[in-house]
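A.B. asks: this is a predicted model, with the sequence first.
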Amino acid sequence: MLKMRKWVLTFAVVDFDLDLGPVVRALYPPVYLSPSETENIAFSAFPDSLQFDQGTEVHSFRIRIYPDSLHTPCQNTLKRPEPLDGFMYGFSYFSQKRDSSSKRGYHQSSLVLLTDHQYPAFFTNVVSKLGPLYQNHGITMLETACHNIANWQSPSPGSTLELGFLGSVLHVELPTSIDSQQLIETASFGRGFDPTEHLLASSVPLYPPPINLFEASLSHLWSVWECLILCEPLLVYGPSPSMTSQAVWWLRDLIRPIPLAADIRPYFTIHDRDHALLVNKSPPKAGLVLGVTNPFFEKSCTHWPHVLSVGRRTRQGATVVTGPCAGWATKTHRRYISKDRQLLKRLERACTSSTLDRMQASLELRRHFCSRTNAVLVPLNRYLNTLIPSPAERNTTLGPRRLKPFNTAEFFSSLRSSPSALPFKSSSKQREFYEKWLRTPAFGLWLARQEEVVQDALRQKI
């Protein structure tokens, strides 16, 4: 099972107990989880509101791993690997069926894939294949799935793999790093890319088309993107965990290749161990993106500056569910950069078209914002090139083997002479935007990583 755990820690079977609520009934293969982790996983595995009479849905979540969770008290349980980023990721296949023998009238259960990897497109696909087979055939399918995963090649950054799973082959490309962009145009699958067959592991599931989530906020997505880049906290509200988790992963994807310098929670409940840390009367933490479905958060997060409520436009006469209406609300943000109005018109047309058109529009929207994120970095990369020591400087005995210090005044002088290609509303808006970004934790992390890259390159030239 050690090979399996390079991909998947375990599968958790979660049932609803009338007296206790959601309960983890089994872990396959066995692994130690602390009591708080077990409770967190159990509640995160279920929607916290009724979704449908009968049906299934897939969603994902992210929970923090505390140091006490890694100490295994049971001798018969394999030691857990060290987490990659301090978090555990869950991908849940939730099922609800009518059951006359239950006092509630229906049976609820979830199968949860737990992993250290943030590969939403890949693991959503895996649990979506396994979930219905497990519902129909039981533990035999879990055993088969674990055997298949244990025979996969080890995950290697940037690799393209063909992975056998439950009678099918998964074609998946892994990112070179968790902050690198995975684009169809640069994927190893080439022009033969088929979104129904090929998986870019760290991207977002393309079905249902992500544009459905943002239909009521299309004209405001440029403001949402700026808030993400500037590490503004964002509450993402939705009627279901499948919608909030897909939306949060999509938003997280848009800031690549800028490193993630804050916390994101695709689906967050009031039972999370971090609830009091993340949701309180203090200003929300910089860059925090919280996906929620419980109307409780609408009241407890009234002081948050930005709320994105996902979903399609509310039609006249339609029943409005609890919580904020679908749309965008901000108390503080004023846009710095002009939106692409031609793209907006195409997106609005796509929202009333076929599923295929909406999927293509979703891909175009993703390309647009990924391009804008790269464009944010162009003036910074241009200035950073001037900080790399020259060969003459490196040839001295005590010559610098690292970037020269970043000087804010020199950067803005460089920006005046070579402005950004982004359509800023004015030169003052451009300066204001970059002044704000240089104060974010994302800039500090990005600069530290650039310094590491330069130092490694200079060492190799010694």
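C.D. replies: In hand now; what should we look at?

A.B. asks: low-confidence stretches in this protein?
C.D. replies: 50-53, 69-78, 190-191, 314-322, 394-400, 461-462 (pLDDT under 70).

A.B. asks: going along the chain, name the strands of it.
C.D. replies: Ranges of strands in the chain, per DSSP state E, are 10-17, 21-28, 55-64, 87-98, 106-115, 160-165, 168-173, 198-200, 234-237, 264-265, 289-292, 306-309, 327-330.

A.B. asks: pipe these into JSON lines and attach mean neighbour count and distance to Leu130 per row.
C.D. replies: Any C-beta I mention is one placed from the backbone N, CA and C, and that applies to glycine too. Converted to JSON lines, the strands of the chain look like this (neighbours: other CB atoms under 10 Å; distance: least, CB to CB, whole Å):
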{"stretch": "strand 10-17", "mean neighbour count": "20", "distance to Leu130": "8"}
{"stretch": "strand 21-28", "mean neighbour count": "16", "distance to Leu130": "11"}
{"stretch": "strand 55-64", "mean neighbour count": "21", "distance to Leu130": "11"}
{"stretch": "strand 87-98", "mean neighbour count": "21", "distance to Leu130": "7"}
{"stretch": "strand 106-115", "mean neighbour count": "22", "distance to Leu130": "7"}
{"stretch": "strand 160-165", "mean neighbour count": "15", "distance to Leu130": "8"}
{"stretch": "strand 168-173", "mean neighbour count": "17", "distance to Leu130": "11"}
{"stretch": "strand 198-200", "mean neighbour count": "24", "distance to Leu130": "15"}
{"stretch": "strand 234-237", "mean neighbour count": "26", "distance to Leu130": "27"}
{"stretch": "strand 264-265", "mean neighbour count": "22", "distance to Leu130": "24"}
{"stretch": "strand 289-292", "mean neighbour count": "27", "distance to Leu130": "23"}
{"stretch": "strand 306-309", "mean neighbour count": "24", "distance to Leu130": "31"}
{"stretch": "strand 327-330", "mean neighbour count": "18", "distance to Leu130": "36"}
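
A.B. asks: a markdown table for those strands, including distance to Glu364?
C.D. replies: Formatted as a markdown table, the strands of the chain follow (distance: least, CB to CB, whole Å):
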| stretch | distance to Glu364 |
| --- | --- |
| strand 10-17 | 36 |
| strand 21-28 | 39 |
| strand 55-64 | 24 |
| strand 87-98 | 27 |
| strand 106-115 | 30 |
| strand 160-165 | 24 |
| strand 168-173 | 20 |
| strand 198-200 | 16 |
| strand 234-237 | 22 |
| strand 264-265 | 24 |
| strand 289-292 | 23 |
| strand 306-309 | 20 |
| strand 327-330 | 20 |
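
A.B. asks: of those strands, which is nearest Trp222?
C.D. replies: Trp222 lies closest, by CB to CB, to one member of the strands of the chain: strand 327-330, at 10.5 Å.

A.B. asks: direction included, what does the closest one pair up with?
C.D. replies: Strand 327-330 has the following strand partners under DSSP bridges: strand 306-309 (antiparallel).

A.B. asks: looking at the strands of the chain, which is nearest to Thr144?
C.D. replies: Judging these by CB to CB, what sits closest to Thr144 is strand 160-165, at 9.2 Å.

A.B. asks: so what secondary structure elements neighbour that closest one?
C.D. replies: For strand 160-165, the packing partners by 3 or more CB pairs under 8 Å, 6 or more residues apart in numbering; DSSP states H and E come out as helix 139-150, strand 168-173.

A.B. asks: helices of the stretch 151-300 of the chain, start to end?
C.D. replies: According to DSSP state H, counting those that start in this stretch, the stretch 151-300 of the chain carries its helices in the segments 221-229, 241-254, 275-278, 296-300.

A.B. asks: now for Asn407, how many residues are close by?
C.D. replies: Using other CB atoms under 10 Å, Asn407 has 13 other residues around it.

A.B. asks: repeat that for the one 4 residues further on.
C.D. replies: Summarising burial for Phe411: neighbours were counted as other CB under 10 Å, giving 19.

A.B. asks: for it, which non-adjacent residue is closest in space?
C.D. replies: Excluding the flanking residues, the one nearest Phe411 by CB to CB, 6 or more residues apart in numbering is Tyr383, at 4.9 Å.

A.B. asks: my read: the one you found touches Ser414, true?
C.D. replies: Yes - Tyr383 lies in contact with Ser414 (CB atoms under 8 Å); the separation is 4.5 Å.

A.B. asks: look up the closest residue to Lys129, ignoring the ones flanking it.
C.D. replies: Nearest non-adjacent residue to Lys129, counting by CB to CB, 6+ apart: Leu166, 5.8 Å away.

A.B. asks: nearest to Leu183, of the strands of the chain?
C.D. replies: strand 198-200 (7.8 Å).

A.B. asks: strand partners (parallel or antiparallel) of that closest one?
C.D. replies: Partners of strand 198-200, by DSSP bridges, with direction: strand 168-173 (parallel).

A.B. asks: off-centre distance for the strand it pairs with?
C.D. replies: Taking CA atoms, centre = their mean, to the nearest Å, one finds the center of strand 168-173 at 21 Å from the center of the full chain.

A.B. asks: quick revisit: the residue nearest to Lys129 and Arg358: what is the separation?
C.D. replies: 29 Å (CB to CB, to the nearest Å).

A.B. asks: what about the two, which has more around it?
C.D. replies: Arg358 (22 against 13).

A.B. asks: and the more buried one, what is it in contact with?
C.D. replies: Shown in contact with Arg358 (CB atoms under 8 Å, 6 or more residues apart in numbering): Pro209, Ile211, Asn212, Ala350, Cys351.

A.B. asks: just to check, the first one is in contact with Leu365?
C.D. replies: No - if you go by CB under 8 Å, Pro209 and Leu365 don't touch, sitting 9.9 Å apart.

A.B. asks: the longest helix in this protein is where?
C.D. replies: helix 355-385 (DSSP state H).

A.B. asks: go ahead and flag the most central residue of the chain.
C.D. replies: Trp249 (2.9 Å; CA atoms, centre = their mean).

A.B. asks: was I right about that one contacting Val204?
C.D. replies: Yes - using CB under 8 Å, Trp249 is in contact with Val204, at 4.8 Å.

A.B. asks: list residues touching both of these two?
C.D. replies: Overlap of the contact sets of Trp249 and Val204 (by CB under 8 Å, 6+ apart) consists of Pro120.

A.B. asks: number of nearby residues for the nearest residue to Arg358 once chain neighbours are set aside?
C.D. replies: Nearest non-adjacent residue to Arg358, counting by CB to CB, 6+ apart: Pro209, 3.8 Å away. When neighbours are counted by other CB under 10 Å, Pro209 registers 23.

A.B. asks: do you know how far Pro209 is from Ser362?
C.D. replies: From Pro209 to Ser362 the distance is 5 Å (CB to CB).

A.B. asks: contacting residues around stretch 327-345?
C.D. replies: Counting by CB under 8 Å, 6+ apart, 216-224, 226-227, 232, 305-309, 364-365, 368, 372, 422-425, 429-430, 432-433 sit against stretch 327-345.

A.B. asks: quick one: end-to-end length of it, please.
C.D. replies: With CA to CA, to the nearest Å as the measure, stretch 327-345 spans 18 Å from end to end.
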